[in-house]
Structures are given as structure tokens and as C-alpha cells.
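[1] Below: sequence and its predicted model.
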Amino acid sequence: MEQSRSILNRRSFLKSSLLAGGGLMISFAWFPGPGLADPSKVSDLPEQWSELNGYIKITPENIIKILNPNPEFGQNVMTSLPMIIAEELEADWQTVVVEMGPHDSVKLGPQFTGGSNSVRMYWKPLREAGAAARHMLIEAAAQTWSVPVEEVTTKAGMLYHGKTGKSGTYGSFASKASGIPIPQNVTLKNVKDFKVVRTSQKNVESLKIVSGKPLFGLDYKHEGMLIAMIQHPPAFGMKLKSFDAAEALKMPGIIDVFSQQLYEDGYEQAGFDTRTFNELLVVVGNTTWEVMNARKKLKVTWEPIVDSKETIAGRGGKKEVVIPGGLESTSTQLEKMQEYAKKPAQQLRRDGDPETAFKNAAQVIERTYNAPFLAHNCMEPMNFFAYVTDEKALVVGPLQAPGWTEPTLSKILQLPADKIEIQMTRMGGGFGRRAYAHYLIEAALISKKVKSPVKLIYTREDDMTYGIYRPMYTATYRAALDVNKNLIAFHVKGGGIPEHAIHANRFPAGAIDNYLAEGWEIPSNITIGAFRAPRSNFNAAAEQSFLDELAEVMGKDPIDFRLELLKRAKEKPVGKNNEYDADRYAGVLNLVKEKSGWNNAENKKYSRGVAAYFCHNSYAAHVVDIIMQNGRPYVERVFSAIDCGIVVNPDAATNMVEGAVVDGIGNSFYGKLSHKDGAAEQNNFNRYRMIRHSEVPKKIEVHFIQNDIDPTGLGEPPFPPVFGAVANALYRSTNKRYYNQPYFDEFLRQAGKPENKRSF
Amino acid sequence: MIKLNINNKNYELDIDPDTPLLWVLRDIIGLVGTKYGCGVAQCGACVVHLNGEAVRSCVTKISRAAGQNVITIEGLSENNDHPLQKAWVELDVVQCGYCQAGQIMSAAVLLRENKNPTDKDIELAMEGNICRCGTYLRIKKAIHLAAEMQRNGS
């Protein structure tokens, strides 16, 4: 510690903290720290780990290792989840070693990264695991010292008995403690006594990341490992007819070329078994470059698919899904959506008598919002390693939902679950995409076929054109006002390809007497899946833009208007099953109003937009400030207010919100995956525009509501309302409403400028 | 035979001269800190230094690197103590982390050439590096911090 401190002198650290601006002061220690310990030292550790429970191992030397159960894709669970254990265990966080756990749902729980669930679902189990282990250590010490259990205290990995002055490390009692039964009921700490949770702790893998250590799936190596790629059809709605591999096989380093079916005919898909193409044309060789080159030499004939039915057992039960044939184009999809929007739809919620209210209205406002497919574009393209033999399978790579993948793999390989070992690497992004593990199953089948360890790699083009996109959405909102401009009815009718986005029981449901929500869907062969805050990421754009426009028509401040509706929802809620807590919703609006200086004269120079949204049990509100520069709008500043209950790791949580804000600005301005004759029109970053350094706000100020509510989600909730706040700020900047995403395309159209073709 | 020097170590490789440096580093040498992101010089995840200049290794043929010095993220500093690496840890920049090696390698050339870059300088130098998680703001702060450390000789 002493030596390392000298690397950065105290003075420069203080200055740098100021420079960091608004961030929390973090004690600086170079090298040491949780998980930052020299990995070689850790691997030299004696094989004397005493396992107290699935999450906690301790050596006699008092090295405490905590296994992170949940896959890490940038949400920082490698740090935040072990912090929760360390808190209740009373371990010294600075000396804890953190490791990624293997897939083991018995010892390590549900192991699912998605739905902003990691901290929420592990909060109680991990606190209990930490508290139980601490209790076992206390019991071991009490027995050894022959003193009453309740007289033994703990602090920073040490046990003490005050009366006799005895003390010992956790490590010295770990072996004995591991033989004590895990207690069923343990007392958890009082929230106000937290020492680790609610303090900012550094990412335990930072040093490995900035020094280029192999952490990701694509970095994984295995003795004798081959590389595989799949040649997918050039368009949705196509499949493999025949191929000639003669030339490809002559290329250097090529081992095999073959076609293989992913799921057998009639295979009943689980909810996350989504795959786009079932006939796989596979090239296997020694190195990535050789396989890439050989793949170009394939001579392939593709043919159109015909309508088919698939049985999918999702969360809502088993259902038959029609996969239509045909080559879809964005232009025809938009026409079809307009046509469907006029047809009767499925009623999702109805309060009061909306039809009569609309008939009697003095004024009806109707607006339609559209958004395109979005590609996840994880920086690390899809890939997986597999080594499958007749007896067992080892699969290693980036994966959000090992527990959902394992039953599928077990079925497909006809191997029992205990013969399948799944290891999760750090993911180069996920955003929902890696919950759909078709690429893992593909890798396993390829390994089985070539009887070798294989890593399957998707190129960027493979990744971007494969699908599992955010669906294409539309929604028409209508509001009825009486002669006094009171809101008397509200109607939303949403549709999508192939799913609509409507959350019928969310705000403003519950706040309006006459309310109607409807949904409709158009089947498609373009595959879709969860994308950061599914459905919400569209609703918060459309609904929050509409409420903004409505407030303007009613002559109200957009924040005050929302607060009035929330007051109504709290005091006299309409209907049943309102999903949100009106107080917490209002809380983030009030906080963002205060922190952004919403009514301050000095902020008049910005075009300001506000939006708020509730999803994944959390509440988020943003004020976005736009300026015009070089003839185009830029988001200059963002103020964010979040209520996600207790914040485990404040600086990391702030980072997450900053990222969600940037992601929201990027996708709302530029995100678009369009199709022509079934083929994705964007297949790499030269055509799919991503937000870049110069387009990021100068300042993102993040504020959390301080309360003691058990943590709720954070990865997704800040993302959706960015879209709405951006749209509303754009309106104030350009005096035109933004109904179609991506907004930058809309800006260029409205300004009569050429189409956005620039990647950067 | 292609001779080259990577992170101050000499290599002789019998390899197709058209092979991109990226795949030589990752598949042949085993240095996987340099990342594959797009393969078409659009994302910056694969940035390395060729004779001190930032190049995109995904489009740099190995023949172009022959007889020259390549530095990758693994060779940026001896003890992972380059000011940028320290600043990245200090400000907890990373989220998923996949793009960060490329970001740091781009920033390292900027800092060598410009001891006190402005926000605008940073944006210009870093525009070719995509971060899908959106850590751009922290990257910018970390570059400022690293510049400060560098000026202070720490």
C-alpha cells in the first residue's frame, strides 16, 4: 500500500478528484484492492479453501474469496454483488478476492442477467449468505474459545471476544466453521449500519481490462481449439438450398465444411430459444482469418422459406407462432402498419367509458409515433466456445441466462445437465441480446460434429444482420379534452412487428377516468428479442412525447401536468392493477425539477425537454438540454433523477445511468435497422450510426432518491425516458414535434437536408 | 518469413502476408487484449501502435508491419502504470470493458503529442473509437486526469 501510494502523490490525487467533477471521493490505492490483487498470487494460493456456502471460501491465511453468481455484461455485478455478501459477512472489502462463479444454480441461485434483476433478485439471498457464513464463523470461535456465541463480535474479517481479549482471523476458524450446519434464520444488519454497501467501490476487474487480460468469450483459448463460422442466408425469409464447398475446402487451414440443422423438426422451443436460421452452413478451420477467407469461396444457393408454424413455450405458456414466408422491406412494413392501425385490435385495459367521452369531447388530440428495429450491437460480437464429446460438454463464453440455456443444450445434445459445464466469461455488452443463446447451441453442435474443441465466431456483419432485434413499433395516442381543457379520456392503440409495446397498466393508466389501451401485432420472419428495457424503450418515447404535447395544448408546464396526474392517481386511483407507485414517480420528477433548475432564468438558453418513466420497479426522470451547433442539435447537458431504492455502489450506479443516457441519446438520434427484400440494410458501423465522442453531452448530472427501500432495477430504467426527453427538447429547439425515430433522420428531413449516411 | 517486433519481443512468422495484424496478434501470438469489433476500421477496438502511430490492426496487413515495432495494450506500460491506465481505474471508467483497450491506445498517442488536450482535441482524436456502453464522458475525464498526471510526472 505504502509503496503503491507513492506512484500518485497526494496532491495530484486531490487535484484529480476535483477534475473528475462532482464524482465521489474515492480512496486511491494502486494495485491492491478487491479483485485487483496480482492474479498470479491468487493462483499460488494453497488448496485449502474452506467453503462456507456456495458464495464464500476462506483460506487459513484469511484470504476471503467471494464468487459472483451472475453474468457480468457491464452492469458491474462482479463488484456490486460480492459487496452485498462482504457487507453481511463483515469482511474487509479491500482484501476480498472476487471470482466469477460457474453455472451452478444449486449453489449460486438463478444466475440470470436481464430485466434489471441482478441486484434485485440477489439482494436478500446474498445478504443471507453473508450473514449465515458470519454466524458459522462466530459459532466456530465460540466453541473453540468456550464462550457464549452472543459475546463474539466481528469486524473486517476478524473475530473478537471482548471479556477474554481473545481474537482470531476468519481464516483460522474457516475450516471448523465449514463443518457447522448453515443456519436457516439469520439476523440481517440494519441498513443504517452498512459499511460496504452504499459506498463507492471500484470495479474489481478494471485493472485487468485496462491491461488487456483475457476476460471475454472471444479471448478464450483451449488446447487444440478450432475456429468455426456460419454462412447465414443473405436475407430474412431465405434458407439454404444447396452449396458447393470444393473451393472453400482447398483454402489453407480449412478442416471441414458442412451443413447442419440446429433444431430438429417439431422441436418445441423454450422462451429464449429464438433463432433466425435453422439450417447452418458451417466452415471450420484453424484460425479466424483462414475461416473468414474460405467462407468467401463458398458457392451457395438460397431459397425462400414458406409459411411455417413454431411451438414456443414462453413465459405466457405454450403457443403456436406463425412464421410467414416472404421478403420484407421497411417501406412495405410501414404501409402494413398503417393498414393494421385502422383495424380493430385487442383490448388490453378499459376504464370508464372512453368512447362516450371522446364523442362528447370539445377537442381531440391524436398523434402517431413510429420507431424502427434496433440492433443490439454489443461491441463483442456473438461467439461461444464448445467442447462436446459423447460423454460430456464444456461450453464457455458470453451468456446472460445459463439457467435457461442448459435445458435446451441438454435436450439437443441428449446429455444430462450434470454432464454439462457452462462457464460465463465477461461479456462485451449484452443489452438483452445474449439471453438468446442460439450461438451457444450452434457451437456445441459444431464441436460435436467435428469432434474437437471449437470456438464459433460471428463477424460484425453476421451479428448485425442476424436479428433478435428490438421490434418495429408504432402507437397512436388520443386525448379528449372538455371545453375547459380538462383531460377526460385517454386512448392508446399500439402495434408492432411482430409485437406491440403497450404496457396497459402503467402511467397514465390510473390517473384518467376514461382510459382505453389496445394492441395489435403483425407476424414477421424478422426475429426479435429483449433489448434494454423491452417495450418501455418505445413507450417512454411515444407516451412521454404525447404528454408533453398535451400539456402544451392544455397550457400547463410539462412537469406540473405530470405531477397533477400522479396526484390524482394517488388520491383517487382509477381502475385496478396500476403498476406504479405514484409517490415515487412524483419523487423523481420533483428531484429532477429541483436539480435541473427547471424554472431558472439562466437555463433559458437551452431547449429543455423532460420525461419520466417507470419500469423494472424503478423510477427515472431526465431533463435534457439541447443546443444548436454547426446547424444541428446536440444534447449539451442532462440532469437525471433515479429512484431504485438502496444504491449498492453509488459511483458505479452513476456510471450506469450516464451510460444509459448516452445510449438513449445515441439510439434515439441514430438507431435504425431497416430492410430491403429481407436483407438488413445496415451490416456494420459504416452504415449503422452509433453515438461517438463528440456527440455526448458535456455534463450528465445523476441524482438518486435517498431511501431505504430494497434495491430495484437500474440497468434499464434510466434508458427509456431519455428518448422522450430528447424528443421534447428537440421540439423546443426546432419548433417541430418528433414523431418518428431516429430523430436525427427526422431533423434532416424537416430541415430539408440530405439523408443521414455518415457513420462518423 | 515475416519478422516483426511486438511489445519489444522479436517474432518470425511464416504467414500469409495479407493476414490482418489483429488476427496475428490474437490467433497466432496470443495477445488478445487487442479486440475485434468491426473488421472495417470503424470502431477502434483494435487500435495498436505501429512505430508509435495509432493504427487499426483489423485493416493493417501483417506485411505492412514487417520489420517494424508494434505495441499493444499488453505492452503499453511495464507495470500497467501508464497514466491512462491509472486514470481509467481511478475514475472507474469501464462498464463492459470491451472497447477500452482501443480507447486507451488511441488516447496514448494523443497524450504523447498533446500534453494538455482540450475537450475538442480529445473528441477529434477519439472520434473513431465507439463505446457501446456510453462511457465517453468518463473516458474524457480520464484523459484529462492522465494528462495531469503526466505533466506532474506521476
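    In hand now; what should we look at? Please read all numbers here as calculations on a predicted model, not as lab measurements. Numbers count the residues shown, from 1 in each chain, chains lettered A, B, ... in the order given.

[2] quick check: domain ranges of chain B?
    The record's domain parsing of chain B by automatic domain parsing lists B:2-75, B:83-151.

[3] Single out the most deeply packed of those domains.
    Of these, the one with the most neighbours on average (mean count of other C-beta atoms under 10 Å in any protein chain shown) is domain B:83-151, at a mean of 23. Backbone N, C-alpha and C define where each C-beta goes, glycine included.

[4] first vs last residue of that domain, how far apart are they?
    Separation of the first and last residues of domain B:83-151 by C-alpha to C-alpha, to the nearest Å is 10 Å.

[5] quick one: that domain to chain centroid distance?
    Relative to its chain's centre, domain B:83-151 lies at 11 Å (C-alpha atoms, centre = their mean, to the nearest Å).

[6] Give me the pLDDT value at whichever residue of chain B sits closest to chain A.
    Chain B approaches chain A most closely through B:Gly33 (1.9 Å), counting by C-beta to the nearest C-beta. The model reports B:Gly33 with a pLDDT of 98.

[7] Look up the closest residue to it, ignoring the ones flanking it.
    Among residues not flanking B:Gly33 along the chain, A:Gly212 sits closest, at 1.9 Å (C-beta to C-beta, 6 or more residues apart in numbering or on different chains).

[8] Which helix or strand contains the residue nearest the centre of chain B?
    Centroid check for chain B by C-alpha atoms, centre = their mean gives B:Met105 as the closest residue, at 2.4 Å. Using DSSP states H and E, B:Met105 maps to helix B:100-113.

[9] Assumed A:Pro711 was part of a strand.
    No: under DSSP: H, G, I helix; E, B strand; the rest coil, A:Pro711 falls outside any strand and is assigned coil.

[10] so how far is A:Phe719 from it?
    Look at A:Pro711 and A:Phe719: by C-beta to C-beta, to the nearest Å, they are 17 Å apart.

[11] Go ahead and confirm the residue nearest to the centre of chain B touches B:Glu74.
    No: with contact defined as C-beta atoms under 8 Å, B:Met105 and B:Glu74 do not form a contacting pair (10.7 Å).

[12] give me phi/psi at whichever residue of the stretch 501-650 of chain A sits closest to chain B?
    Residue of the stretch 501-650 of chain A nearest chain B, by C-beta to the nearest C-beta: A:Asn649 (9.3 Å). A:Asn649 has phi and psi values of phi -130, psi 90 when expressed as degrees, to the nearest 10.

[13] all strands of chain B, in order?
    B:2-6, B:9-13, B:47-50, B:53-56, B:69-71 (DSSP state E).

[14] In terms of secondary structure, what does the third one contact?
    Judged by 3 or more C-beta pairs under 8 Å, 6 or more residues apart in numbering or on different chains; DSSP states H and E, strand B:47-50 is in contact with strand B:53-56, strand B:69-71, helix B:100-113.

[15] quick one: strands adjacent to it?
    Applying DSSP bridges, strand B:47-50 is found paired with strand B:53-56 (antiparallel), strand B:69-71 (antiparallel).

[16] Let me know the average pLDDT across the shortest one.
    This points to strand B:69-71. In this model, strand B:69-71 has an average pLDDT of 98.

[17] do stretch A:295-310 and chain B meet?
    No: judged by C-beta under 8 Å from any C-beta of the partner chain, stretch A:295-310 makes no contact with chain B; its nearest approach is 12.6 Å.

[18] My error: substitute stretch A:470-479 in the last question.
    No: Stretch A:470-479 lies apart from chain B when judged by C-beta under 8 Å from any C-beta; the minimum separation is 14.2 Å.

[19] Report the distance from that stretch to the chain centre.
    The chain centre lies 22 Å from the centre of stretch A:470-479; the measure is C-alpha atoms, centre = their mean.

[20] Equivalent analysis for stretch A:295-313, please.
    In terms of C-alpha atoms, centre = their mean, the centre of stretch A:295-313 is set 29 Å apart from its chain centre.

[21] swap in stretch B:144-154?
    Centroid separation for stretch B:144-154 versus its chain: 19 Å, with C-alpha atoms, centre = their mean.

[22] what number of residues lie near A:Ser694?
    Neighbour count of A:Ser694, defined by other C-beta atoms under 10 Å in any protein chain shown: 15.

[23] wait, is it part of a strand?
    No: applying three-state DSSP, one finds A:Ser694 to be helix, outside a strand.

[24] That one touches B:Glu123, doesn't it?
    Yes: A:Ser694 lies in contact with B:Glu123 (C-beta under 8 Å); the separation is 4.0 Å.

[25] which intervals of the chain have sub-threshold pLDDT?
    Using chain A here. A:1-47, A:315, A:757-760 (pLDDT under 70).

[26] The intended chain is chain B.
    Applying pLDDT under 70 to chain B flags the ranges B:154.

[27] Which elements pack onto the biggest helix by length in it?
    Determined from DSSP state H, the single longest helix within chain B is helix B:136-151. Other elements packing on helix B:136-151 under the criterion 3+ C-beta pairs under 8 Å, 6+ apart are helix A:10-20, helix A:650-670, helix B:83-90, helix B:100-113, helix B:119-126.

[28] Reformat the ones you listed into CSV and put distance to B:Thr135 next to each item.
    Shown next, in CSV, are the helices and strands packed on helix B:136-151 (distance: least, C-beta to C-beta, whole Å):
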stretch, distance to B:Thr135
helix A:10-20, 14
helix A:650-670, 6
helix B:83-90, 10
helix B:100-113, 8
helix B:119-126, 12
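
[29] Nearest to A:Asn370 among those helices would be which one?
    Ranking those by proximity to A:Asn370 (C-beta to C-beta) places helix A:650-670 first, at 12.7 Å.

[30] circling back: tell me who's in contact with the residue of the stretch 501-650 of chain A closest to chain B.
    A:Asn76, A:Thr79, A:Ser80, A:Met83, A:Val197, A:Thr199, A:Ser200, A:Gln201 (C-beta atoms under 8 Å, 6 or more residues apart in numbering or on different chains).

[31] hmm, back to that, looking at A:Pro711 and A:Phe719, which is more packed in?
    Comparing A:Pro711 with A:Phe719 by other C-beta under 10 Å, the one with more neighbours is A:Phe719, at 29 against 22.

[32] Tell me if I'm right that that one and A:Pro534 touch.
    No: between A:Phe719 and A:Pro534 there is no contact, the gap being 10.6 Å when judged by C-beta under 8 Å.

[33] how distant is stretch A:609-622 from the center of its chain?
    The chain centroid and the centroid of stretch A:609-622 are separated by 16 Å, computed with C-alpha atoms, centre = their mean.

[34] Between its first and last residues, what's the separation in it?
    8 Å.

[35] And the helices in the stretch 151-300 of chain A?
    Here the stretch 151-300 of chain A has its helices, by DSSP state H, counting those that start in this stretch, at A:170-178, A:206-210, A:246-250, A:288-296.

[36] I'd like those written out as CSV, with mean neighbour count added.
    Shown next, in CSV, are the helices of the stretch 151-300 of chain A (neighbours: other C-beta atoms under 10 Å in any protein chain shown):
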stretch, mean neighbour count
helix A:170-178, 22
helix A:206-210, 24
helix A:246-250, 15
helix A:288-296, 21
